[in-house]
Structure formats: C-alpha cells, structure tokens
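>>> Structure of the sequence below:
(4 chains)
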There are 2 protein chains.
Amino acid sequence: MAKTPVEKTGKNGARRPGRPKSDTGDQRLRLLDSAATLFGQHGIAATSIAAIARDAKVTPALVHYYFGSRDALVDALVEERIRPLIGTATATPGLASDDPRTLLHAFVTTFATLMTAHPWLPPLYVREVLSEGGQLRERIIGGIAMPVAKRLAAALTSARKQKRLPADLDPRLLVVSVMALVLFPLAAMPIWKRVFNVSTIRPRQLIDHTLALIDHGIALP
Amino acid sequence: MAKTPVEKTGKNGARRPGRPKSDTGDQRLRLLDSAATLFGQHGIAATSIAAIARDAKVTPALVHYYFGSRDALVDALVEERIRPLIGTATATPGLASDDPRTLLHAFVTTFATLMTAHPWLPPLYVREVLSEGGQLRERIIGGIAMPVAKRLAAALTSARKQKRLPADLDPRLLVVSVMALVLFPLAAMPIWKRVFNVSTIRPRQLIDHTLALIDHGIALP
DNA sequence: CTGTTATTTAATTGACCGTTGAATTAAATA
DNA sequence: TATTTAATTCAACGGTCAATTAAATAACAG
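Residues are numbered from 1 along each chain as shown, chains lettered A, B, ... in the order given. This is a model prediction of the structure:
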C-alpha cells in the first residue's frame, strides 16, 4: 500500500507551518505591495498588520519576521517605495525651467503620470500628509515636498515680476492650486466616477483638461 | 459646631457630581462643537467620546446622557451642523444661472466663504467624504453633493455646446477641478502656511486668486 | 546529515473603548 | 417647605482587537 499522502494544506486550504517550496514569490515585496494598497484605502492607523498579512496571504507573524515591527514596516514603505518614486519625479527636466507655462506643464504631466501609475499614492497622500495628524506629514513635507514647492514658488514669483504671469495670481497660492488640480481629482476618482456614471477615465483626458484650465481658464479663444 | 464646609471642587479643580449652578453654557452644544473640531482634526473613527468629553470639559457619561450613543452623536452632528450649512449654501441664487462664469464664481465664493467661516469643515470633508471608507461619504454624496454636482455639470455641458465654454475643457471634470481649487487649499492651509512661512491668510485673497485662475488661467491679459 | 531559513500556530500581553447604573447636587414645582 | 426632576460625575464592567513573541515544522544548502 502506498503510504498515506501527506496533507500539504489545512482544511481551509491555508498552508501549514514550515518552509514552503521555493515557488512563492518574494513575500517581503508582496507585503509592501499590500501595505501600500491598504494604507491608501483605509489609512495607516486603521490598517492592522493582520489585514496586511491577510491581503498578502501570509500570517501576521511573518511581518515581524521581515520587518521587526509595525513601525519598521511603515518606514520601509516610505524609504523603498515612496521616496524613490518622488525622487525621480522631481528630477524631471522641465521643472528647472523658468518659463511659467513650461514649469507648470511639466509639473502637472509628471505628477499626474506618476500618480495614475501608482493609484495607491493619491489617497495615501490625502490621508497621511494632507490630513492633520497624518503619519507621513513630517517626513514627506520636510524631505520632499518643501524643496519642490519652494523652488516652484520662487520661479513663479520672479516670472510675475517680469510680467510673464498675470498680476492677479498669487505665485505661492498658484503652487497650491496646481497641486490641488492634480491630486484632488485623482483621490476623488471613485466618487465622481459614481456621480457622473463613468466607468473609466484615461489619464491623458485628465491631464489635457487640467493643462487647458491652467493655460486659459474658462476664457474663450 | 458648624458643619464642615462643602467642597465644591476636587483637588484638581474638576467639578464634583451633581447638578451644577446654572452658569454653565449649553453642554450639549459644546459637545457638538468639540466633536466637530476633533472629528476634523483626527477623523471620526479615531476620536473617542472620552476625547470629546475632555475637550468639552465634561465626562464621557454626559455624552450618553445627551445623545444616547456614539453613533447618535455623529448623526446629530450631521443633521444639526453640516446639513443646515450646506443647505443654505446650495440655495445661493448664482448657482441657478446658466452663464458659466456667473455659475463658477458663485460656487467658489459661496463655498470658500462657508468653509473659512467653519474651519473644521474642510479637513472633515477630506477625511470623511473624500477618503475611502469615510463615515460621511454616503450621507454627503447621496443627499447633498450629488444633486449640486449634477446640476453644475449639466449647465456647463450645455454652455459648452453653445460655445460659451472652451471645447478643450471637460464640463464634468471642470466641476471636480473647481471643488479641488476651493477645498484643497483650505484643507492644506496648515501645511503651506508652514512651507511658505506666512502667519495668516485672508479669505478674500484666496477667493480672488482662485477666481482669477478660473477666469483666465495663467494667460496674460 | 546537519544547520539555517522561511513560515505557521498558538499564546500572551496590553490597551482602550463604549456603555451603564448608582450617587450626588441644583433647580423647578407645588 | 417638601418633593420631584434635571444635570452631572464616579466607578466599574465587558468586550474587542491588535502587536508581539515562543515554539513547532518543513524545506533548502552545504
């Protein structure tokens, strides 16, 4: 008689203890993926490591194995996922121009493209940077957003002095307005998809609209 | 012997049990105030009734005395504070115009004024309506935002058909853009006050800037 | 064959939260 | 003045749920 076949899985289909055969992808990376998605969906504070583990189809204990603690997982997400993304985005050439139109077009295009490629980013930013008490605020503002914003504002201010920007626009507020035009529609997408009953939106469509609004507002040609 | 004088306050200065002399303001209203502020600051889910009570200088038990339960407190806040505010705002005459410029100016002015007058509103909206899983999303969208947004979008769409709005703007996205231009800068105020090192911003300043951007974008006169 | 690495199972620990009932005091009423 | 009602605090309960850890188990590497 053949020996009783060894059960590889529990009753529910979950894996039993022990090292798995090496057909599993990199669990550490999958945990970071799950963390990014869930943090964006429910916020950092409201996401338990149990939820992250469930989403990555592992157990909470494995999170400790790889990251040591919950806080360390958040740190890892910032350093390994967010910082690189924003780093390369801010290195885009157009952002160094001193022509306001070039500058703003580059900003809108770069960041809208970045954020549509990583859909967990807009909601995460809204929750954890924009909102009071957000867990990423200090890190993101201090190290990343502040330098970019100041550089943009400086360029726009000098452009306005040279009459290359309308006098009734406030250069610093303009930086905020442009961020709003990119970030808000993306973060609010689930809502207005429902309100306006559209099923899908192409990034290009959003970018073109935004650039048009910046270029001439609602003024007719 | 005269009886021992009754202590009116505990060691820490806190009130002792019993009905207070009628010099206290309306505690129920103070509780709603505290709830609005704290919900805006930390989010609804993250705010315990203990925190609300502390802010209003009463005990958690009093919240139950007045509202019955935590959920009922949230309901009360929506019905007694938020709905009336938005109700009167959407009744503003300019919002019925079919001229796009009049329409958008009315929207921006009305809502920016409303929200600067009630500073807890922008952050609350961002957290509890804009963010996935926000506890006010269904209530606010279904009952309040959706009708207004649809009305606006319809008016703008027809204006564009009559060539009174540039063809490269998407009327529905325009509704979202304008909401973004009003809401985002107000919600992000604590941040850019810090980044740009300004101590105070007059509402007029923000409204004028936003209207200018809508009217002509960054195009020179 | 032995040690190391990856993974789960099963406790453990700890915070904290909403709720409730009883006690207490002032105001209202008769 | 006596009695009832309203507004508060106090103290404690019960419950949930989350982060972390120790031990067990299985595969891989040399």
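>>> so what's the closest residue to residue A:43 other than its chain neighbours up against?
In space, not counting the residues next to it along the chain, residue A:43 is nearest to residue A:127; the distance is 4.9 Å by Cβ to Cβ, 6 or more residues apart in numbering or on different chains. Glycine gets a C-beta too; all of them are placed from N, C-alpha and C. When contacts are counted by Cβ atoms under 8 Å, 6 or more residues apart in numbering or on different chains, residue A:127 is found next to A:40, A:43-44, A:134, B:127, B:131.
>>> what would the residues you listed look like in TSV with secondary structure, distance to DNA strand C and pLDDT?
Converted to TSV, the contacts of residue A:127 look like this (DSSP: H, G, I helix; E, B strand; the rest coil; distance: Cβ to the nearest atom of the strand, whole Å; pLDDT from 0 to 100):
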residue	secondary structure	distance to DNA strand C	pLDDT
A:40	helix	23	94
A:43	coil	16	93
A:44	coil	17	94
A:134	coil	19	91
B:127	helix	16	95
B:131	coil	19	93
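>>> which one of the residues you listed has the most neighbours?
Highest neighbour count within those: residue B:127, with 30 neighbours (other Cβ atoms under 10 Å in any protein chain shown).
>>> As a check, name the ranges of all strands in chain A.
In order along the chain, chain A carries no strands (DSSP state E).
>>> which residue ranges form the helices in it?
Along chain A, counting by DSSP state H, helices occupy A:27-42, A:49-55, A:60-67, A:70-77, A:83-90, A:100-117, A:121-125, A:137-140, A:146-161, A:171-187, A:189-195, A:203-216.
>>> Could you tell me the angle between the longest one and helix A:203-216?
Helix A:100-117 and helix A:203-216 are oriented at 160 degrees to each other (axes from the mean of the first three to the mean of the last three Cα atoms, to 10 degrees).
>>> Now do the buried residues in helix A:100-117.
Residues of helix A:100-117 classed as buried under the neighbour-count rule (16 or more other Cβ atoms under 10 Å in any protein chain shown) are A:100-101, A:103-116.
>>> and the gap between residue A:210 and DNA strand C?
To DNA strand C, residue A:210 is 40 Å away according to Cβ to the nearest atom of the strand, to the nearest Å.
>>> So that residue sits against residue B:174, correct?
No - between residue A:210 and residue B:174 no contact is recorded; they are 10.2 Å apart, counting by Cβ atoms under 8 Å.
>>> doesn't residue A:199 make contact with residue A:193?
Yes - Residue A:193 is within contact range of residue A:199, at 7.2 Å (criterion: Cβ under 8 Å).
>>> of the two, who's got more company?
In terms of neighbours (other Cβ under 10 Å), residue A:193 is the more surrounded of residue A:193 and residue A:199; the figures are 13 against 5.
>>> ok, now which ones touch the more buried one?
With contacts defined as Cβ under 8 Å, 6+ apart, the neighbours of residue A:193 are A:199, A:201.
>>> residue closest to the middle of chain A?
In chain A, the residue lying closest to the centroid (Cα atoms, centre = their mean) is residue A:121, at 1.5 Å.
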